[in-house]
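Asks: just need the structure, nothing else, for what follows:
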Amino acid sequence: MYYDPIKRSLGNVFNRSPWLRRLFYHLLDLLLLRTWHVHRELRKWAKGRTREPLNILDAGAGYGQYSYWLSGLSSQWQILAVDVKEEQVADSNNFFRAIGRPQVQFAVQDLVLYQEPNSFDLAIAVDVMEHILEDVEVFRNIHASLKDGGMLLISTPSDQGGSDVHTDSETSFIEEHVRDGYNIHEIQQKLRTAGFERIEARYSYGEPGQVSWRLSMKYPILMLGRSRWFFVLLPFYYAVVFPFCLLLNWWDARTTHDSGTGLIVKAWK
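Replies: So this is what the prediction gives:
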């Protein structure tokens, strides 16, 4: 199914006021298991750095929730968030100006083409690479854009059932994906080809996370894909499943998984 129309509908609802958008970000932080894993890695990276004037690239920023979260950790950090969707970029710039965080700027850029040599201390690409066919070109551009010692953090589906693909005959649950998921060794090799030398990769979305994803994301998205009237039912649905999803997310984020449908990858220049 196509996810972008649903994202636009959600954006139209929560862009009506800054406090609604803040609420939306907090809900995403709780519901999306990838956010639990990404925040965990970002806290490690940020330790001892919150007073340093650093530059961060949010590559494929989407709604901007990671730029929002990072800007809350330190007002010293300059954050450039890029995306290909012009309307989303404009909405995000308006929001960050409205809440008084001018250190966050959004810009329309194509990651296949965008490069800003030796400019960033950190780059994040959360659920982005599964949408881009020319992934090695993007890795090269990010590598060139990082300062020496800079880190790239990636969250993406794996080939162990990511995108809800479990057999060769199945296709991605999300139509916009150009690949179902990365093999854990494949993505590391592509990063080395792009110039990264030190790379760490681990699985996310183990068994607890997969149950949480179905309850918190797959089933609601399927319902919304059938009819927008399901927006009315969503609060009641989440009132039932939300406590279980929180427990499952907490469990998954604190467990080392031998396999999983997601990958968390860190690469240093």
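
Asks: correct me, but residue 111 touches residue 138?
Replies: Yes - because the distance of 4.6 Å satisfies CB atoms under 8 Å, residue 111 is recorded as touching residue 138. Quick note: C-beta positions are derived from backbone N, CA and C, even for glycine.

Asks: in what helix or strand does residue 106 lie?
Replies: Per DSSP states H and E, residue 106 falls inside strand 104-108.

Asks: contacts for the helix or strand that that strand is followed by, please.
Replies: Downstream of strand 104-108, the first helix or strand assigned by DSSP H and E is strand 120-126. Outside strand 120-126, the residues that touch it by CB atoms under 8 Å, 6 or more residues apart in numbering are 34, 38, 42, 45, 54-60, 62, 66, 80, 111, 138, 142, 145-147, 149-156.

Asks: and the residues you listed, which of them are in strands?
Replies: 55-59, 80, 146-147, 149-156 (DSSP state E).

Asks: make a PyMOL selection of the buried ones in those.
Replies: Buried members of those, defined by 16 or more other CB atoms under 10 Å, are picked up in PyMOL with:
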select buried, resi 55+56+57+58+59+80+146+150+151+152+153+154+155+156
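
Asks: out of the ones in strands among the contacts of strand 120-126, which comes closest to residue 20?
Replies: Each of the ones in strands among the contacts of strand 120-126 was checked against residue 20 using CB to CB; the closest is residue 58, at 21.1 Å.

Asks: wait, the closest one sits on residue 82?
Replies: Yes - when contacts are counted by CB under 8 Å, residue 58 is listed as touching residue 82 (7.0 Å).

Asks: looking at the chain, which helix or strand is least sure?
Replies: Of the helices and strands making up the chain, the lowest-confidence element is helix 4-14, at a mean of 59, by mean pLDDT, DSSP states H and E.

Asks: alpha carbons only: can I get the following helix or strand past that helix in CSV?
Replies: Using DSSP H and E, the helix or strand that follows helix 4-14 in sequence is helix 18-31. As requested, the backbone C-alpha atoms of helix 18-31 are provided in CSV (Å, rounded to 0.1, in the frame of the first residue of the first chain):
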residue,chain,number,x,y,z
PRO,A,18,2.5,24.2,17.1
TRP,A,19,1.2,22.4,20.2
LEU,A,20,-0.6,19.8,18.0
ARG,A,21,2.7,19.2,16.2
ARG,A,22,4.6,18.8,19.4
LEU,A,23,2.0,16.3,20.6
PHE,A,24,2.4,14.4,17.3
TYR,A,25,6.2,14.2,17.8
HIS,A,26,5.7,12.9,21.3
LEU,A,27,3.3,10.2,20.1
LEU,A,28,5.7,9.2,17.4
ASP,A,29,8.5,8.9,19.9
LEU,A,30,6.5,6.5,22.0
LEU,A,31,4.8,4.5,19.3
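
Asks: tell me the bridge partners for the residue nearest the centre of the chain.
Replies: For the chain, the residue sitting closest to the mean C-alpha position, by CA atoms, centre = their mean, is residue 126 at 2.7 Å. Going by DSSP bridges, residue 126 is paired in beta bridges with residue 155.

Asks: excluding its backbone neighbours, what's nearest residue 250?
Replies: Setting aside the residues directly before and after it, residue 250 is nearest to residue 36 in space (CB to CB, 6 or more residues apart in numbering), at 7.5 Å.

Asks: tell me how many other residues crowd that neighbour.
Replies: For residue 36, the neighbour count with other CB atoms under 10 Å is 20.

Asks: so what secondary structure elements neighbour the helix or strand it falls within?
Replies: Residue 36 belongs to helix 33-46 when assigned by DSSP H and E. Here helix 33-46 touches helix 18-31, helix 65-73, strand 120-126, strand 146-157, strand 198-204, helix 207-213, helix 230-253, strand 262-268, going by 3 or more CB pairs under 8 Å, 6 or more residues apart in numbering; DSSP states H and E.

Asks: can you state the direction angle for that helix and helix 18-31?
Replies: 90 degrees (axes from the mean of the first three to the mean of the last three CA atoms, to 10 degrees).

Asks: any idea how far residue 248 lies from residue 147?
Replies: 38 Å (CB to CB, to the nearest Å).

Asks: what do you get for residue 181?
Replies: According to CB to CB, residue 181 stands 30 Å off from residue 147.

Asks: check residue 94 too.
Replies: 30 Å.
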